[in-house]
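**Q** Pasted the sequence and its predicted model underneath.
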Amino acid sequence: MHRTLTARHDRFALTRPFRIARGVRTEADMVTVSIRAGALEGKGEGVPHARHGGSVENALAAIEGVRPAIEAGAGREELLALLPAGAARNAVDCALWDLEARGAGRSVAALLGAPEPEPVASARTIVIDTPMMMGCAARRLAQAPLLKVKVDGRLPDAQIRAVRAAAPDARLIVDPNESWDARLVEAMQPVLAELKVDLLEQPVAAAIDACLETFRPLVPIAADESLHTREDLDQVARRYQVVNVKLDKAGGLTEGLRLAEAARARGLGLMTGCMVSSSLSVAAALHLARMSDFVDLDGPIWLAKDRPGGVEDRGGTLYPPLPGFWGTP
């Protein structure tokens with residue numbers, strides 16, 4: 001059956017500034033792909049990120065380049081060779097999954113032979129601010145089971161202490177977004193252990209993370225910016241104990257699942273993450289969440305208005321989208 005592929009730029013306002021070590025955002029830009037075949041339509045979303053060399057314009061151009069092949073019937077396996085890993089391939093791959101599920105009259109979970117997504121504890125993010133303000137933010141989220149604390153290299157000790165004091169029972173992920181150096185990573189180990197931090201995410205820049213190869217941390221360290229696809233795993237496994245799989249880095253659910261399985265086979269812990277995105281991205285990522293030790297899929301919670309029928313956060317537990325939203329007939 002003939003297909004029609006369209007792609008557009010969508011922009012969503014945020015409820016408040018999203019401030020991390022690399023900068024601050026007040027809007028989320030993403031690419032939305034639709035693939036129609038007769039009365040059926042599959043949708044997917046990708047969030048290009050400048051840190052990974054992406055832009056909306058480049059993603060749209062890349063999708064336009066593969067449109068003839070997709071419209072002629074190319075599937076997910078062919079797509080792996082047509083586009084490199086990244087947001088453009090993610091959007092098209094997830095649209096193909098959605099289309100396949102609707103055409104088969106079965107959910108993506110059924111196609112995978114996996115359980116349907118269930119409610120899952122997903123990190124609520126506390127962005128960089130003064131220690132006092134971060135403590136106030138943590139106090140409002142103190143009943144959430146998992147918090148992610150964004151820090152940089154200036155006041156991480158005070159910031160993490162303020163969050164822990166306000167949320168004594170929550171599991172904590174600390175994320176410097178590559179802003180620390182090797183010396184600070186080492187100096188912060190006793191603090192992280194004392195405050196019962198569960199995970200330290202990508203503390204140093206990917207370009208200099210060789211310093212972690214002989215380092216023995218008191219708290220597990222997760223690779224985020226250092227990991228994209230399975231080709232990175234041999235190096236990552238020498239430097240990290242956990243990997244953060246994001247579909248926008250891996251280039252879709254097809255590669256994301258394979259990356260997660262390969263990481264598990266190497267004995268690595270698994271985290272599922274996302275960009276600041278809508279529920280269309282997170283709906284696909286939930287199929288990785290069931291395999292994960294840590295889940296960080298609160299991107300849609302930051303949007304002033306999400307796509308209708310999307311995920312819902314209730315006290316730090318993320319509930320899947322309504323039936324029919326994505327990946328279900």
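**A** Sure, I can see it. Residues are numbered from 1 along each chain as shown.

**Q** Quickly find the element holding the closest residue to A62 other than its chain neighbours.
**A** Spatial nearest neighbour of A62, chain neighbours left out: A88 (4.0 Å); criterion: CB to CB, 6 or more residues apart in numbering. C-betas here are computed from N, CA, C, even on glycine. For A88, the host element (DSSP states H and E) is helix 87-104.

**Q** With just CA atoms, put that helix into PDB.
**A** Output in PDB follows, covering the C-alpha atoms of helix 87-104 (Å, rounded to 0.1, in the frame of the first residue of the first chain):
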ATOM      1  CA  ALA A  87      16.600  12.400  16.300                       C
ATOM      2  CA  ALA A  88      15.600  12.200  12.600                       C
ATOM      3  CA  ARG A  89      15.900   8.400  12.500                       C
ATOM      4  CA  ASN A  90      14.100   8.200  15.900                       C
ATOM      5  CA  ALA A  91      11.100  10.100  14.600                       C
ATOM      6  CA  VAL A  92      10.800   7.900  11.500                       C
ATOM      7  CA  ASP A  93      11.500   4.600  13.300                       C
ATOM      8  CA  CYS A  94       8.900   5.300  15.900                       C
ATOM      9  CA  ALA A  95       6.400   6.300  13.200                       C
ATOM     10  CA  LEU A  96       7.000   3.000  11.500                       C
ATOM     11  CA  TRP A  97       6.500   1.000  14.700                       C
ATOM     12  CA  ASP A  98       3.200   2.900  15.300                       C
ATOM     13  CA  LEU A  99       2.100   2.200  11.700                       C
ATOM     14  CA  GLU A 100       3.000  -1.500  12.000                       C
ATOM     15  CA  ALA A 101       1.000  -1.900  15.200                       C
ATOM     16  CA  ARG A 102      -2.000  -0.300  13.800                       C
ATOM     17  CA  GLY A 103      -1.800  -2.300  10.600                       C
ATOM     18  CA  ALA A 104      -1.400  -5.500  12.500                       C
END
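
**Q** burial of the residue nearest to A62, as a residue count?
**A** 29 (other CB atoms under 10 Å).

**Q** For S55, see how far away it is.
**A** From A88 across to S55, the span is 10 Å (CB to CB, to the nearest Å).

**Q** Need the residues touching each of the two.
**A** P48 (CB atoms under 8 Å, 6 or more residues apart in numbering).

**Q** A helix includes E64, no?
**A** Yes: assignment of E64 by DSSP: H, G, I helix; E, B strand; the rest coil places it within a helix.

**Q** can you tell me which residues contact it?
**A** Neighbours of E64 in contact, by CB under 8 Å, 6+ apart: A7.

**Q** Poorly predicted segments of the stretch 1-150 of the chain, please.
**A** Scanning the stretch 1-150 of the chain for pLDDT under 70 picks out 52.

**Q** Counting by contacts, list what the strand ranked longest in the chain packs against.
**A** Criterion DSSP state E: the longest strand present in the chain is strand 3-20. Judged by 3 or more CB pairs under 8 Å, 6 or more residues apart in numbering; DSSP states H and E, strand 3-20 is in contact with strand 23-37, helix 56-71, helix 87-104.

**Q** out of those, deepest packed?
**A** helix 87-104 (a mean of 26; mean count of other CB atoms under 10 Å).

**Q** for the stretch 101-250 of the chain, what spans make up the strands?
**A** Secondary structure of the stretch 101-250 of the chain (DSSP state E, counting those that start in this stretch): strands at 120-121, 124-126, 146-150, 171-175, 199-201, 221-223, 242-246.

**Q** For D232, which of those is the nearest?
**A** If you check each of the strands of the stretch 101-250 of the chain against D232 by CB to CB, strand 221-223 wins as the nearest, at 7.9 Å.

**Q** Now the strands of the stretch 101-250 of the chain in a markdown table, please, with extra columns for distance to L286 and mean neighbour count.
**A** Shown next, in a markdown table, are the strands of the stretch 101-250 of the chain (distance: least, CB to CB, whole Å; neighbours: other CB atoms under 10 Å):
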| stretch | distance to L286 | mean neighbour count |
| --- | --- | --- |
| strand 120-121 | 7 | 18 |
| strand 124-126 | 17 | 24 |
| strand 146-150 | 15 | 24 |
| strand 171-175 | 18 | 23 |
| strand 199-201 | 20 | 25 |
| strand 221-223 | 19 | 25 |
| strand 242-246 | 13 | 26 |
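
**Q** so can I have a markdown table of those strands showing distance to I63?
**A** Compiled in a markdown table, the strands of the stretch 101-250 of the chain are given as follows (distance: least, CB to CB, whole Å):
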| stretch | distance to I63 |
| --- | --- |
| strand 120-121 | 30 |
| strand 124-126 | 29 |
| strand 146-150 | 30 |
| strand 171-175 | 30 |
| strand 199-201 | 30 |
| strand 221-223 | 28 |
| strand 242-246 | 19 |
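
**Q** Among the ones you listed, which comes closest to E100?
**A** Ranking those by their distance to E100 (criterion: CB to CB) puts strand 242-246 first, at 21.2 Å.

**Q** which secondary structure elements does the closest one contact?
**A** Strand 242-246 packs on strand 221-223, helix 253-265, strand 269-273, strand 294-296, going by 3+ CB pairs under 8 Å, 6+ apart.
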